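1. got a sequence here, can you model it:
(2 chains)
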Amino acid sequence: MTMELRGRQLVPGRAAGQAVVMDALSFYGDVDPHTGRTPDGRSVASRVIVARRPRGSTVGSYVIYALKANGAAPAAIVMSRVDPIIVAGCVLAGIPLVDSIPEDQLSKVRDGDLVELDGSGVVRVRRAAP
Amino acid sequence: MYLTAEEERVLRGEEGEARAKALEVIVKVGEALGAERLQPIVHAHVSGVSYNNIGEPGRKFIEDLANMGARFSVPTTVNPIGFDLEAPEAFDLISADREVLEGQRAIVSALHRMGASLTLTCTPYYIPSVRGLRPGQSVAWGESNAVVYANSVLGLRTNREGGPVALMAAIAGRTYYYGMHVPEFRRPRAAYRLEAPGGYRLDYARAAVLGRVLVRLHRGEGPPLLDASVDRETFKELGAAVGAEGDIAMVFVPGLTPEEPPSRFEEVVTIDYRDVEAELESMRLDDVDLVYVGCPHASAEEVEALARELSRLKPKGNRPQLLITTSRDEERRISPEAMAVLREYGAVVLRDTCLIVSKLRREGLRVATYSYKAMFYLSRHGLRVGLESMEELARRLGSEA
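-> Purely as a prediction, here's the structure:
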């Protein structure tokens, strides 16, 4: 199965990786800056974070920056809605960021799907056959 | 993005490498968000200064700027850290080992060299010089609770700036013109009315729960308008809950927000006070080890109110510890009478400190508080946290004589 989602490329760059799907995301509290692990034990390192909306702490930008410095950064971030905290973290760490993916389309992405950003805001999602 | 001749000059490095770098980051973030120009600011508040949070990468980021010769171009205040700078050992549950002490002092010293006022508080809105700023002025604040308070109560204009962006804006004296700086984006389109019987009192805990309910209900553009009787003090807990649970930078409260409310809304939603009560009821714990007051940092008035509650009771023999976090300025305003009551209860009062960014010595600690924000983050650090009113907290500590 393949899907093509269209959003807005906020921070430039192409990237690919397995999806880590989240609903509301505060980098501070929801992602460990040293290991890239979430409280439920998943890793965002070298994966593509797919999340609906941001929340929480303004320390989030530093967590994104620290993930990069610690070699545990996500390959890219894809969201329906972003805030300046996430944009700033991605700008500083050079992590490709796409927003404005409609929620009903974003919600079709599952953990482990292969997600590819072509750099122009187009996000291709492929699911391995079960 | 349109840049003035002066901004072009700064970007070319004619006012030094550090200012050029700072402005470049602001321009990049602004361009990503579609801002058409920059906005001069009159004040900055920097979050993301705790070594426990930002570690070596964050320390290096801040120190590199200071070493490059960066200086803040506007008055700049700073968020709290993980311990009391003058008394790191003052509370036995907080650990500050040598590495953390050293890393933290380096960060604080770098901020000081750049010209920060070392307030180390998450409530810059209690600082007299900040209260003197005029509604409509633009600032760049990190710290989500302070952002909501600034926009909603002080009428200042700020987005939820990420820690490093507030720092860069402080150096550049500018941020991007976007979001909360634009009058049109500050206009509420949806109104939320709390329906409650006459005399229903929104105390700190209930205001916090209402903030959480509001975030869950509010979708769409513009800040929500809230029709409920909150005052400046209880709004603090409401705004902190909103900042933790969501991405809303402003709650428009008629009577509190200095701007003129619109006369018409696209949507009017009713919130039943019984939903607030039921949610609060579901957040209680049985036994706790610690009662925590001061997230966001307690005001002197808040500490006085707690002391009044406690003075009507006698300390229980077997009671939880009491921790209060506040700023140095507010602590000085607490009356000797209130301090005497707190001493009777063995209260620990810490300055400079945010429990959320502290390193705690004990996993699984059970905490009671009226701060939803503290509950939100501390429970992510493996603590068990319950929410209840100030009166209930007092009764955990003392009993009727």
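2. make it CA atoms for all contacts and neighbour counts henceforth
-> OK.
3. what are the phi and psi angles of B:I26?
-> phi -60, psi -40 (degrees, to the nearest 10).
4. need the helices for the stretch 301-401 of chain B, in chain order.
-> Counting by DSSP state H, counting those that start in this stretch, one finds helices in the stretch 301-401 of chain B at the ranges B:328-333, B:336-344, B:372-378, B:390-397.
5. put the alpha carbons of the second one into PDB.
-> Output for helix B:336-344, consisting of C-alpha atoms alone and laid out as PDB, is shown next (Å, rounded to 0.1, in the frame of the first residue of the first chain):
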ATOM      1  CA  PRO B 336       7.600  37.200  59.300                       C
ATOM      2  CA  GLU B 337       4.300  35.900  60.700                       C
ATOM      3  CA  ALA B 338       3.700  33.700  57.700                       C
ATOM      4  CA  MET B 339       7.300  32.500  57.800                       C
ATOM      5  CA  ALA B 340       6.900  31.600  61.500                       C
ATOM      6  CA  VAL B 341       3.800  29.400  60.600                       C
ATOM      7  CA  LEU B 342       5.700  27.700  57.800                       C
ATOM      8  CA  ARG B 343       8.600  27.000  60.100                       C
ATOM      9  CA  GLU B 344       6.200  25.300  62.600                       C
END
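6. check contacts around B:R219.
-> Applying C-alpha atoms under 8 Å, 6 or more residues apart in numbering or on different chains to B:R219 gives no contacts.
7. phi, psi of the residue lying closest to A:R110 once chain neighbours are set aside?
-> Leaving aside its chain neighbours, A:R110 sits nearest to A:V21 (6.4 Å; criterion: C-alpha to C-alpha, 6 or more residues apart in numbering or on different chains). Dihedral angles of A:V21 (phi, psi; degrees, to the nearest 10) stand at phi -100, psi 130.
8. distance check, A:V21 against A:G60.
-> 18 Å (C-alpha to C-alpha, to the nearest Å).
9. please identify which of these two sits among more neighbours.
-> A:G60 (31 against 23; other C-alpha atoms under 10 Å in any protein chain shown).
10. is it true that the more buried one touches A:G89?
-> Yes: A:G60 lies in contact with A:G89 (C-alpha atoms under 8 Å); the separation is 7.2 Å.
11. shared neighbours of the two, anything?
-> Counting by C-alpha under 8 Å, 6+ apart, the residues touching both A:G60 and A:G89 are B:G162.
12. neighbouring contacts of stretch A:83-97?
-> So stretch A:83-97 is contacted by A:9-15, A:54, A:58-65, A:68, A:74-78, A:119, B:25, B:28-29, B:32-33, B:159-165, B:247 (C-alpha under 8 Å, 6+ apart).
13. from these, which land in strands?
-> A:Q9, A:L10, A:V11, A:A15, A:P54, A:A76, A:I77, A:V78 (DSSP state E).
14. run through who's touching the lengthiest strand in chain B.
-> Across chain B, the longest stretch assigned as strand under DSSP E is strand B:290-298. Under the contact criterion C-alpha under 8 Å, 6+ apart, strand B:290-298 has outside partners B:121-123, B:145, B:236-237, B:240, B:320-327, B:330, B:354, B:365-371, B:373-374, B:393.
15. so B:R59 sits in a strand?
-> No: residue state for B:R59 (DSSP: H, G, I helix; E, B strand; the rest coil) corresponds to helix; a strand is not indicated.
16. isn't it right up against B:V108?
-> No: taking contacts as C-alpha under 8 Å, B:R59 lies outside contact range of B:V108: 9.5 Å.
17. now a PyMOL select for only the buried ones of the contacts of strand B:290-298.
-> Command for PyMOL that selects the buried part of the contacts of strand B:290-298, burial taken from 16 or more other C-alpha atoms under 10 Å in any protein chain shown:
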select buried, chain B and resi 121+122+123+145+236+237+240+320+321+322+323+324+325+326+327+330+354+365+366+367+368+369+370+371+373+374+393
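18. looking at the contacts of strand B:290-298, which are in strands?
-> Those of the contacts of strand B:290-298 lying in strands (DSSP E): B:Q321, B:L322, B:L323, B:I324, B:T325, B:T326, B:R366, B:V367, B:A368, B:T369.
19. reformat those into TSV and put distance to B:R71 next to each item.
-> As requested, the ones in strands among the contacts of strand B:290-298 are exported to TSV (distance: C-alpha to C-alpha, whole Å):
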residue	distance to B:R71
B:Q321	42
B:L322	39
B:L323	36
B:I324	33
B:T325	30
B:T326	27
B:R366	43
B:V367	40
B:A368	41
B:T369	39
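20. got the end-to-end distance for stretch B:265-284?
-> 36 Å.
21. residues of chain A that sit close to chain B?
-> A:10-11, A:29-30, A:39, A:54-63, A:65-66, A:69, A:83-89, A:91-92 (C-alpha under 8 Å from any C-alpha of the partner chain).
22. buried residues in the helix-or-strand element of chain A with minimal mean pLDDT?
-> Every helix and strand of chain A was ranked by mean pLDDT, DSSP states H and E. The lowest is helix A:27-30, at a mean of 88. By neighbour count with 16+ other C-alpha under 10 Å, helix A:27-30 contains the buried residues A:F27, A:Y28, A:G29, A:D30.
23. repeat for stretch B:271-281
-> B:I271, B:Y273, B:V276, B:E279, B:L280.
24. now stretch B:279-290
-> B:E279, B:L280, B:V288, B:L290.
25. so what's the first one closest to, chain neighbours aside?
-> By the measure of C-alpha to C-alpha, 6+ apart, the closest residue to B:E279 outside its immediate chain neighbours is B:V209, 7.2 Å from it.
26. ok, now which ones touch that neighbour?
-> B:L238, B:A241, B:V276, B:E279, B:L280, B:Y372.
27. which of these fall in helices?
-> Of the positions in these, B:L238, B:A241, B:V276, B:E279, B:L280, B:Y372 sit in helices, assigned by DSSP state H.
28. residue contacts, B:D231?
-> Contacts of B:D231 by C-alpha under 8 Å, 6+ apart are B:L256.
29. wait, does stretch B:37-55 contact chain A?
-> Yes: for stretch B:37-55, a contact with chain A is found by C-alpha under 8 Å from any C-alpha, at B:S47, B:G48, B:N53, B:I54, B:G55.
30. helices - which of these land there?
-> Short answer: the residues of stretch B:37-55 next to chain A in helices (DSSP H) are B:N53, B:I54, B:G55.
31. excluding its backbone neighbours, what's nearest B:G179?
-> B:F185 (5.8 Å).
32. the one you found in helix, strand or coil?
-> helix.
33. that one touches B:G220, doesn't it?
-> No: with contacts defined as C-alpha under 8 Å, B:F185 does not count as touching B:G220, sitting 11.6 Å away.
34. and the two? Which one has more around it.
-> For B:F185 and B:G220, the more surrounded residue by other C-alpha under 10 Å is B:F185, and the numbers stand at 14 against 9.
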